[in-house]
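*Asks:* Model the structure of this input:
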Amino acid sequence: MRPASALRVLPFLFLALLVMAACGGTTPTVAPSDEPVSSAPATDAPPPAEPSSGPSSEPSAPDPASSEPPSAAPETPEPEPAELPASAAECTGSEENVAFYAEFAEVVDWAVYCPVLPTGWFVGTGQWRQAEGERLEISYRGPRGAGLMLQEGSFCPGDGDCVPPGEEVGQTAFGDREGTLVATDGGWAVVVDRGERPSWLLTISGVGQAAARQIAADVVEVGG
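*Replies:* Take a look at the predicted model:
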């Protein structure tokens with residue numbers, strides 16, 4: 001080769017060497033990491049709470065205010081029945097029959113009597129009134145067709161005494177009083193304070209004289 005030609009080639013060789021040096025240099029590299037790199041910026045905030053894995057197996061404590069049943073409204077106490085006089089408990093009949101006498105005894109100012117009869121006697125019908133004079137009338141039925149009527153107060157209208165006609169046999173007890181025994185056509189009558197107001201009349205049928213006297217003697221004063 002000619003020297004002149006060689007001089008012209010030298011610049012090209014020099015440039016080729018520079019290019020080769022740039023491609024084979026020691027550029028710094030980042031070592032590969034086994035952990036992925038997060039693209040989110042770092043912060044000082046605490047990590048988010050872990051989500052719940054499901055409903056809690058333990059029930060929550062009940063509200064004390066709602067755990068007790070509502071209080072019931074106070075009940076209005078029923079009025080207690082009036083206490084009956086001890087003597088009234090001896091009257092023949094039911095509790096209603098006894099109360100019948102006790103109520104009448106409360107509204108009058110004279111003695112009210114009730115019969116205390118042997119087994120087998122039952123109350124029939126009865127009534128008492130304050131209008132047109134205070135009076136009481138009550139009937140009883142006894143064994144083998146026996147019967148009894150008790151009348152007290154102003155039971156006889158006008159000036160009569162309302163005692164059945166018959167023969168007076170004598171005096172006999174009427175509870176704590178003394179009455180007159182009358183033998184009637186159908187039985188017996190015992191009258192106290194005949195023709196007065198008040199007066200008391202016991203009319204009995206279907207029994208003998210001894211039984212009639214005993215029935216009259218056994219009457220008791222209600223509340224006395």
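
*Asks:* what residue ranges in the protein score low on pLDDT?
*Replies:* 1-87, 224 (pLDDT under 70).

*Asks:* need the strands for it, in chain order.
*Replies:* 113-114, 122-129, 135-141, 147-153, 166-174, 177-184, 187-192, 199-205, 220-221 (DSSP state E).

*Asks:* Make CSV out of these and add mean neighbour count and distance to Ala212.
*Replies:* Where C-beta positions appear, they are placed from N, C-alpha and C, glycine not excepted. Formatted as CSV, the strands of the chain follow (neighbours: other C-beta atoms under 10 Å; distance: least, C-beta to C-beta, whole Å):
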stretch, mean neighbour count, distance to Ala212
strand 113-114, 26, 16
strand 122-129, 14, 18
strand 135-141, 19, 13
strand 147-153, 21, 9
strand 166-174, 15, 8
strand 177-184, 18, 7
strand 187-192, 24, 4
strand 199-205, 23, 5
strand 220-221, 19, 17
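
*Asks:* do you know which of these lies nearest Phe100?
*Replies:* strand 122-129 (6.1 Å; C-beta to C-beta).

*Asks:* what does the closest one contact?
*Replies:* 92-94, 97, 100, 103-104, 134-142, 147 (C-beta atoms under 8 Å, 6 or more residues apart in numbering).

*Asks:* cool, stretch 163-179 as well?
*Replies:* By C-beta under 8 Å, 6+ apart, stretch 163-179 touches 113, 180-186, 189-192, 194, 200-203, 209, 213, 216-221, 224.
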